[in-house]
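Trainee: return atomic coordinates for the entry below.
(one chain, ligands or ions: 1)
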Amino acid sequence: MHEMSLAESIIQIAEDTARSNGGARVSVVLLEVGRLAGVELDALRFCFDAASRSSLADGATLVIEQPDGSAWCMPCSVSVPLANLGDPCPRCGSYQLQVTGGTELRVREVEIH
Ligand SMILES: [Zn+2]
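Mentor: Predicted coordinates for the structure are as follows:
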């Protein structure tokens with residue numbers, strides 16, 4: 001994951017929202033980054049601050065929500081928590097898992113003022 005290009009696309013989305021609302025400035029960007037998405041949050045915050053300068057999102061607060069990882073275990077037929085991609089099922093040790101949550105990576109909300 002390249003945090004700088006990620007930060008730039010987030011700012012792009014925020015600016016588009018601000019422009020379609022009459023050119024207001026962005027105050028808060030609410031981001032959803034799952035724990036399995038492989039994003040370095042410190043790096044992302046740093047890149048966001050750097051890339052937002054002189055944009056409509058300059059000075060905006062970046063709020064990051066981190067949904068936990070989860071997967072469907074086929075042998076157990078239940079949903080289990082998953083700390084890392086590639087981990088086995090914590091109940092039965094199987095690797096027959098389908099990841100169902102934690103890989104989210106999206107802008108949930110842009111607040112403008
Ligand atoms: Zn299992």
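Trainee: following the longest helix seen in the chain, which helix or strand shows up next?
Mentor: Using DSSP state H, we find that the single longest helix of the chain is helix 3-20. Heading C-terminal from helix 3-20, the first helix or strand you meet, by DSSP states H and E, is strand 26-33.
Trainee: so what strands line up beside that following strand?
Mentor: Here strand 26-33 is paired, per DSSP bridges, with strand 61-65 (parallel), strand 105-112 (antiparallel).
Trainee: related to what we said a few turns ago, list the buried residues for the longest helix of the chain?
Mentor: 3, 6-8, 10-11, 13-15, 17-18 (16 or more other C-beta atoms under 10 Å). For every residue, glycine as well, the C-beta is placed using N, CA and C.
Trainee: just the strands paired with strand 26-33: most buried one?
Mentor: Of those, the one with the most neighbours on average (mean count of other C-beta atoms under 10 Å) is strand 105-112, at a mean of 16.
Trainee: need the contact partners of it.
Mentor: Contact with strand 105-112 is made by 6, 10, 13-14, 17-18, 21, 24-34, 37, 39, 65, as judged by C-beta atoms under 8 Å, 6 or more residues apart in numbering.
Trainee: picking that back up, wait, which of the buried residues of helix 3-20 is closest to Q96?
Mentor: L6 (30.9 Å; C-beta to C-beta).
Trainee: I'd like to know how far that closest one sits from the ion.
Mentor: From L6 across to the ion, the span is 33 Å (C-beta to the ion, to the nearest Å).
Trainee: kindly report the same for P88.
Mentor: Where the ion is concerned, P88 sits at a distance of 8 Å (C-beta to the ion).
Trainee: skipping adjacent residues, who's closest to the most centrally placed residue in the chain in space?
Mentor: Ranked by distance to the mean C-alpha position of the chain (C-alpha atoms, centre = their mean), the top residue is V33 at 2.1 Å. Nearest non-adjacent residue to V33, counting by C-beta to C-beta, 6 or more residues apart in numbering: V39, 5.1 Å away.
Trainee: right, I'll leave it there.
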